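1. I would like to see how this sequence folds:
(one chain, ligands or ions: 1)
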Amino acid sequence: MTVKAIVFDAYGTLFDIYSLAANAEALFPTYGKQLAEKWRDKQIDYTRLRTLSGHYKPFWDVTNDALVFVCKQLKLNLNDDDENTLMQAYLRLPGFSESSNVLQALNEKSIPLAILSNGNPTMLNAVVQAAGYEKHFQHLISVDSVQKFKTAPEAYQLVPDVLGLSPKEILFVSSNCWDACGASWFGFTTFWINRAHAPFEELGITPHYQGSSLRDVLALFQQS
Ligand code: LAC
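-> Coordinates of the predicted model:
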């Protein structure tokens, strides 16, 4: 295998964004799951709209805007305390059950690891530190420095620039299918973690590898 480093997406790939359903349920009974799902969809929607239109705002602000919108849409009264509670939960998202062990095992194989995230540095550093993952990564790369969200090529280009490797030499791992597609278009070697057993997007491109958890990424390196 020609892969010399692995870069992970953060939200949804290493950290469980849908755990926010429980935080939301505590504030808005019966709405937790719906709120968490719509919040995520609107957040990503806004990243695309802002990048396409050249109106960048940090991911933290975009995430907050999406929360406010979705609560209005669901006719939920989001007071300042509730808003703060849910936004603060974004800084302490739990890792998936396998995340820590897989990162540790990849470290033991001396494969350089990095994160590329839409998250601006403050929020990205916070969630990585809260989970105790900072020791696993050589680089935490944020699209904030190019002011364009994924799937803009300029956002993906940060990774080869920082690592000094060609896109093909980098395994890009994401559980967000749209991100795995964007990364494949960009030229990375790609791995889609299909946690939700979803169909693949109809975009005429497929990732090099697929699996159902981060353990499948580790398995790839145990075979080679
Ligand atoms: C990220 C989001 C999009 O971490 O999952 O970039």
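
2. What is the neighbour count of Asp41?
-> Asp41 has 12 neighbouring residues, counting by other C-beta atoms under 10 Å. Yep, even glycine has a C-beta here, placed from its N, CA and C like the rest.

3. Which residues belonging to whichever strand or helix holds it are considered buried?
-> Using DSSP states H and E, Asp41 falls within helix 32-53. Using 16 or more other C-beta atoms under 10 Å as the burial criterion, the residues of helix 32-53 that qualify are 32, 34-40, 42-44, 46-47, 50-51.

4. just stretch 181-190 next, same as before
-> Cys181, Gly182, Ala183, Ser184, Phe186, Gly187, Phe188, Thr189, Thr190.

5. Repeat that for stretch 12-20.
-> Under the neighbour-count criterion of 16+ other C-beta under 10 Å, stretch 12-20 has Gly12, Thr13, Leu14, Phe15, Asp16, Ile17, Tyr18, Leu20 buried.

6. May I have it as PDB, with CA atoms only?
-> Below are the C-alpha coordinates for stretch 12-20, written out as PDB (Å, rounded to 0.1, in the frame of the first residue of the first chain):
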ATOM      1  CA  GLY A  12     -19.400  12.000  12.800                       C
ATOM      2  CA  THR A  13     -16.200  10.100  12.100                       C
ATOM      3  CA  LEU A  14     -14.300  10.300  15.300                       C
ATOM      4  CA  PHE A  15     -16.900  12.100  17.400                       C
ATOM      5  CA  ASP A  16     -20.600  11.100  17.800                       C
ATOM      6  CA  ILE A  17     -22.600  14.200  16.800                       C
ATOM      7  CA  TYR A  18     -25.900  12.300  17.100                       C
ATOM      8  CA  SER A  19     -25.200  11.800  20.800                       C
ATOM      9  CA  LEU A  20     -26.600  15.400  20.900                       C
END
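
7. Run the chain-centre distance for that stretch.
-> 8 Å (C-alpha atoms, centre = their mean, to the nearest Å).

8. contact partners of that stretch?
-> 8, 11, 33, 35-37, 39-40, 86, 89-90, 93-96, 99, 103, 115, 127, 131, 133, 173-176, 193, 195, 214 (C-beta atoms under 8 Å, 6 or more residues apart in numbering).

9. Let's see which of the residues you listed end up in helices.
-> Lys33, Leu35, Ala36, Glu37, Trp39, Arg40, Leu86, Ala89, Ser99, Leu103, Val127, Ala131 (DSSP state H).

10. Identify the farthest-apart pair in those residues.
-> Leu35 and Leu103 (29.5 Å; C-beta to C-beta).

11. Could you check how far the closest residue in space to Val143 that isn't next to it in sequence is from the ligand?
-> Leaving aside its sequence neighbours, Val143 sits nearest to Ala155 (C-beta to C-beta, 6 or more residues apart in numbering; 4.2 Å). Distance of Ala155 to the ligand, given as C-beta to the nearest ligand atom, to the nearest Å: 9 Å.

12. Ok, Ser100 next?
-> Ser100 sits 17 Å away from the ligand, taking C-beta to the nearest ligand atom as the criterion.
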